[in-house]
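# Need a 3D model of the sequence below.
(one chain, ligands or ions: 2)
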Amino acid sequence: MTDFPRIGFIGAGNMATALVGGLLAKGWPASALMLTDVSEQALSVHAARGLRTGTDNRELVASVDIVVLAVKPQAMKAVTQALADCPQQPLYISIAAGIPAQSLAQWLGGDAAVVRAMPNTPALVQTGATGLFANAAVSHEQRVQAEQVLGAVGIALWVDTETKIDAVTAVSGSGPAYFFYLMEAMIEAGVKLGLARHDARDLALQTALGAAQMAITADVAPDELRRRVTSPKGTTEQAVAVFDAAGFADIVEQAMRACAARGVSLANELTGA
Ligand SMILES: NC(=O)C1=CN([C@@H]2O[C@H](COP(=O)(O)OP(=O)(O)OC[C@H]3O[C@@H](n4cnc5c(N)ncnc54)[C@H](OP(=O)(O)O)[C@@H]3O)[C@@H](O)[C@H]2O)C=CC1
Ligand SMILES: O=C(O)[C@@H]1CCC=N1
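Ligands and ions are numbered 1, 2, ... in the order given. Predicted structure coming up:
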């Protein structure tokens, strides 16, 4: 094995593109990355920067150490069943929401080594957050490899039960969308308050970056950081009161519960459980 395991991505869409971009930026050699997709258009951006691309998933399995299954959950059964009789035994890393490792291993022929990973798109800029779960067929060396790949583009942590992957999906897999949604809303509100759109955008995004950076580096929790912004009888207090009156924390919890529940219902729909 080289220092950089060869990684093949089946599905060259949003998440695979974010992971590949993050790995390249981190110094992963382009020669160790390969992608397949049914869409030539999805592959063209990768081919243009010198990566190996193709449409034959079995050929990809034969030429890599790790196969990242990066198709939509709805396509996963057909994609994996078509690989069941491949003689090679790579490590499979599925990034699909919902689909259990046991179903994947069964579709892949029975005893495949499967890591379920739930990454997120900030992997593109090395600030990804990934939860990992390994089935019993995954060796210690393969666990290290999975961590090496996902850890190259952000933080990667193991969860001890597979059901927690749905919770990871609710927090960090889908999480970037929640923050983008808040950014969108803040920009629109800033414009309504009289700012030029580009100023509202610059201020909102820099504030998101600054708040995340502070929350990560501070020695106190986010609630204390919030209190430090909230002067008694001041302006922030008024904004927070409006959030509270609308049930902000409850809304966030309901949204995240719906997200995690969709992981479960996807599994039921797509595995016949
Ligand atoms: N987007 C995100 O933020 C995250 C996504 N995920 C998971 O990642 C997976 C991919 O999501 P995302 O990247 O957003 O989806 P995309 O639809 O952007 O990418 C999937 C790609 O796979 C292609 N594809 C379909 N069938 C095959 C096949 N048989 N062989 C090879 N490629 C095929 C699709 O082509 P076509 O469109 O023509 O069908 C598409 O280009 C999903 O399972 C999702 O749950 C996990 C974490 C975060
Ligand atoms: O929305 C989805 O289903 C995928 C999984 C997590 C983020 N995007």
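# count of neighbours near Val171?
The tally of other residues near Val171 (other CB atoms under 10 Å) stands at 16. C-beta here means a position set from N, CA and C on the backbone, and glycine is covered the same way.
# For the closest residue to Ser94 other than its chain neighbours, give the beta-bridge partners.
The spatial neighbour of Ser94 that comes closest, neighbours along the chain excluded (CB to CB, 6 or more residues apart in numbering), is Leu69 at 4.3 Å. When bridges are called by DSSP bridges, Leu69 pairs up with Ile10, Ser94.
# Leu69: how many residues sit nearby?
Number of residues near Leu69 (other CB under 10 Å) recorded here: 27.
# My read is that it contacts Pro90, right?
No - the criterion here is CB atoms under 8 Å, and Leu69 misses it with Pro90 at 10.8 Å.
# contacting residues for the residue of the stretch 1-150 of the chain found nearest ligand 1?
Nearest to ligand 1 in the stretch 1-150 of the chain, going by CB to the nearest ligand atom, is Gly13, at a distance of 1.8 Å. By CB atoms under 8 Å, 6 or more residues apart in numbering, Gly13 lies in contact with 37, 42, 70-72.
# Which single one of those is nearest to Thr207?
Ala70 (32.4 Å; CB to CB).
# pretty sure that closest one contacts Ala12?
Yes - Ala70 is within contact range of Ala12, at 7.5 Å (criterion: CB under 8 Å).
# Tell me where the model's unsure across the stretch 1-150 of the chain.
Counting by pLDDT under 70, the stretch 1-150 of the chain has low-confidence residues at 1-2.
# Get me the contact residues on it for ligand 1.
Residues of the stretch 1-150 of the chain lying near ligand 1 by CB under 6 Å from any ligand atom: 10-16, 36-39, 42, 57, 70-73, 75, 79, 95-97, 118-121.
# Can you select the buried ones from those residues in ChimeraX?
Buried residues within those, by 16 or more other CB atoms under 10 Å, are selected in ChimeraX with:
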select :10,11,12,15,16,36,37,42,57,70,71,73,79,95,96,97,118,119,120,121
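# who does whichever strand or helix holds Arg226 touch, helix- and strand-wise?
If you go by DSSP states H and E, Arg226 is part of helix 222-229. Applying 3 or more CB pairs under 8 Å, 6 or more residues apart in numbering; DSSP states H and E, we find helix 222-229 packed against helix 197-217.
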